[in-house]
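Chemist: return atomic coordinates for the entry below.
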Amino acid sequence: MSELTLQVTGMNCASCVASVERAVSNMEFVASVAVNLPLEKARIVLKPSADLNAKNQCIEAINNAGFKATEPAPTPLLRERHKTDLKAHFSKVTLAFALSIPVFVLSMVLDDFGTSDGLNARLVLAFLAALPVYLWSGAEFHRNAWASLRRRTANMDVLVHLGTTVAMLWSSAVTFAPLFSWSPKFILQSTHVFFDGAAFIVTFVLLGNYLEARAKLKATDAVHHLMEMQPNEAWVVLEIGGTEARRVEDIAMNTLIKILPGETVPLDGRVEEHTALVDESSMTGESYPVRKEEGDEVVAGTVILDGTLYVRTTALVGDTMLSKVIRLVDEAQLGKAPIQRLVDRVASVFVPVVVVAAVGAATLWWLFAESLAPNSEMEPIEMAVMVLVSTLVIACPCALGLATPTALVVGTGRGAAYGLLIKGIEALERAHATSVVVLDKTGTITAGTPRVSHIELLNSDVRELLGIASALELESTHPLAHAVHTSWSNVTDKRPVVSDVRTLPGQGLVGAMDGVPVAIGTYELMSALVNELPEDLEQNVIKRAKRGVTIMLVSKGQVLLGWIEASDRIRETSAPAIKRLKQSGISVVMLTGDREETALTVAESVGIDTVVAGVKPDEKAEHIRELQLQSEVVAMVGDGINDAAALTLADVGLAMGAGSQIALESADIVLVRNDLADAVAALELGRATMTRIRTNLAWAFAYNIIGIPLAMGLLYPWTGWLLPPAFAAAAMSLSSVSVVSNSLLLRWWQPSSVLR
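Modeler: Model prediction:
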């Protein structure tokens with residue numbers, strides 16, 4: 001199935017999101033659709049049956065629903081457009097405030113100061129001041145409301161439009177009733193007008209929208225900063241000598257480029273000449289510069305500090321680590337948390353229910369005000385109008401629509417700043433509930449760069465044993481294979497030819513050299529292949545394994561040639577990270593294919609109590625499933641091909657960034673720094689983000705649960721207090737702004753200092 005992303009404008013609440021999703025999901029070739037309100041984007045998954053015209057049909061469906069769908073604009077251009085819109089929005093807010101204050105003074109503070117042709121001069125002036133606010137500043141609400149009603153849906157604009165229109169119509173009727181002899185008596189006798197309510201409703205909603213827009217712009221700062229790190233040009237070294245500035249889009253792979261001190265690395269590559277300190281904080285969050293020498297890799301977006309580097313490019317501009325980071329963050333931010341489904345269901349019926357409740361409450365007060373509140377100074381019809389307007393306005397579902405996506409946008413952006421690439425919102429939601437973390441050993445707890453520490457010869461010499469081992473490991477990507485190749489390269493650059501090489505998962509490799517079977521692998525594999533093994537072999541293997549080394553036995557025919565011992569450095573942050581997990585109440589399990597003796601030695605040094613060793617790749621997933629059957633929420637951290645199935649099955653899969661491509665694709669979260677401490681940080685970020693989302697939703701629902709009954713006059717019979725429309729508008733705007741502001745607190749999140 002293919003995906004397409006569209007820019008959608010004209011949305012301002014959860015009901016709008018539901019309308020867009022409904023308009024697109026009704027099309028038979030659409031598998032699913034997710035709309036992000038802060039980013040104004042829709043991600044649509046198409047079924048295989050979709051034709052080439054599917055995109056245009058989706059755009060047409062969204063446009064027919066009353067919104068505007070277009071191809072996504074480049075983020076920098078879109079950001080500038082939002083800034084321009086903010087300035088125009090600010091002008092509307094300024095005018096609305098400038099006129100609303102005199103409207104309030106004329107409507108609520110000043111006494112009558114005369115009449116003209118039977119009209120109250122004070123009310124006429126209030127009408128004239130409120131009219132531009134209603135018609136010009138509030139024009140967008142009215143247009144969007146009618147568009148929503150035409151598509152037989154209801155959103156926030158409908159509530160604002162109905163509330164302000166009822167307030168203006170009632171107040172205008174009271175003001176101009178003396179001009180018409182047929183005016184109803186109850187209007188002629190009314191003294192309360194709501195020009196101030198209509199004006200302040202528009203003003204406060206506009207102000208809330210303006211503050212939201214500013215906050216949403218800040219929420220996308222992280223991704224925008226990532227995009228700004230990509231230089232537009234690079235110095236290409238010419239074959240005839242000298243350099244030439246070229247656009248990064250025009251630079252092919254394997255091109256030699258020159259990067260000067262203070263410049264940003266334009267493309268991923270490998271250092272070919274010279275050495276320099278490189279600031280990688282923009283990609284990994286690592287505060288200390290890293291010394292890069294010949295053969296080391298550098299990635300786009302990092303900064304050269306103190307020297308000139310000649311780098312051979314290894315990726316095109318669209319395939320750099322930086323580009324992948326931006327894509328992953330963008331895709332994650334377009335996701336939708338399962339918790340959001342509840343909000344979507346509520347939003348789809350919220351506005352119609354509120355309209356019915358508002359009309360019902362207004363009717364109740366109109367008919368029974370005298371018995372419910374006999375001491376009220378207001379006429380029943382005036383109370384009914386106030387209840388109707390206040391209830392419509394205070395119930396706008398903006399906060400519900402913003403609660404989840406704003407926290408998601410900020411959280412994923414903040415994670416990217418520390419090298420935590422979150423591929424989906426579901427991973428964040430599951431991460432906060434993690435109860436067990438399962439760790440691979442090699443490349444996760446250890447550095448993943450084992451070295452040959454000893455070669456034990458029984459019936460061979462070093463050249464023969466190492467040659468067979470290197471030839472068998474030629475097509476393997478396991479870190480142990482690299483250790484063998486490195487050791488062999490110290491002997492010669494020529495290898496024996498081994499044919500028919502087969503991998504026996506969890507045991508080793510077998511093949512044939514000049515028609516004679518050869519093998520490298522575990523003691524169990526040699527027991528099956530070699531008829532007679534030394535009597536003390538198993539004890540020797542166990543003894544050495546207890547030192548934390550990995551044993552690779554090598555055979556030729558029926559003869560055991562000897563073995564290779566490889567040791568791997570334990571990461572400095574592994575023990576503190578595991579300690580942090582335990583302090584958080586999370587159980588830690590080591591799951592490895594290595595011998596139990598080796599695994600126990602490593603586990604003891606880092607503080608892991610539960611070890612499952614000798615596990616074949618296909619068995620890792622089974623152990624994950626067993627934990628899940630015990631009602632555990634499992635996070636798996638790994639880096640190799642043999643971890644892919646377990647990473648996929650785990651509730652949260654975390655892959656080291658230097659791991660295999662299959663592992664990276666199987667994981668939910670990619671850790672750029674290849675550090676176990678970042679796995680802990682990712683789980684903590686998940687908890688922090690979900691805390692914000694749940695706080696936002698709790699506030700949004702509590703606000704409506706409390707605010708709507710107050711606006712309907714629930715306390716009026718006992719307290720004599722009725723929520724004025726202007727207060728309702730201010731409260732509604734405050735709820736939206738508070739939700740966005742609460743999400744923005746994530747901008748200050750950072751991993752625990754004890755781990756970094």
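Chemist: could you report the neighbour count for Thr255?
Modeler: 17 (other Cβ atoms under 10 Å). Every residue, glycine included, has its C-beta placed from N, CA and C.
Chemist: Gly448 versus Leu46, what's the distance?
Modeler: Going from Leu46 to Gly448 by Cβ to Cβ, to the nearest Å gives 39 Å.
Chemist: now the helices: where do they sit in the stretch 1-150 of the chain?
Modeler: Counting by DSSP state H, counting those that start in this stretch, the stretch 1-150 of the chain has helices at residues 14-25, 54-64, 75-104, 121-132, 139-150.
Chemist: for Val236, which of those helices is the nearest?
Modeler: Val236 lies closest to helix 75-104 among these, at 24.6 Å (Cβ to Cβ).
Chemist: what angle sits between the closest one and helix 139-150?
Modeler: Using axes from the mean of the first three to the mean of the last three Cα atoms, to 10 degrees, the inter-axis angle of helix 75-104 relative to helix 139-150 is 100 degrees.
Chemist: any idea of the mean pLDDT in helix 75-104?
Modeler: Helix 75-104 shows an average pLDDT of 82 in the prediction.
Chemist: on that earlier part again, right, so of the helices of the stretch 1-150 of the chain, which gets closest to Val237?
Modeler: Of all the helices of the stretch 1-150 of the chain, it is helix 75-104 that lies closest to Val237, at 29.4 Å by Cβ to Cβ.
Chemist: and the helix or strand hosting Trp365, what does it pack against?
Modeler: Using DSSP states H and E, Trp365 maps to helix 340-372. Counting contacts by 3 or more Cβ pairs under 8 Å, 6 or more residues apart in numbering; DSSP states H and E, helix 340-372 packs against helix 14-25, helix 156-176, helix 380-394, helix 398-417, helix 676-711.
Chemist: gap between the residue lying closest to Leu420 once chain neighbours are set aside and Arg430?
Modeler: Spatial nearest neighbour of Leu420, chain neighbours left out: Ala682 (4.8 Å); criterion: Cβ to Cβ, 6 or more residues apart in numbering. Computed as Cβ to Cβ, the Ala682 to Arg430 distance reads 11 Å.
Chemist: compare the two (neighbour count), which wins?
Modeler: Taking other Cβ under 10 Å, Ala682 and Arg430 do not tie; Ala682 has more neighbours (28 against 22).
Chemist: shouldn't the more buried one be in contact with Arg414?
Modeler: No: judged on Cβ atoms under 8 Å, Ala682 makes no contact with Arg414 at a distance of 11.4 Å.
Chemist: which residues sit in contact with Val166?
Modeler: Listed by Cβ atoms under 8 Å, 6 or more residues apart in numbering, the contact set of Val166 reads Val385, Leu388, Val389, Leu392.
Chemist: from Leu99, how far off is it?
Modeler: In terms of Cβ to Cβ, Val166 sits 20 Å off from Leu99.
Chemist: what's the answer for Val349, then?
Modeler: For Val349, the distance to Leu99 equals 36 Å [Cβ to Cβ].
Chemist: neighbour-wise, which of these two wins?
Modeler: Neighbour count, other Cβ under 10 Å: between Val349 and Leu99, Leu99 has more, with 22 against 12.
Chemist: which residues touch that one?
Modeler: Neighbour list for Leu99: Ala129, Ala130, Pro132, Val133, Ala199 [criterion: Cβ under 8 Å, 6+ apart].
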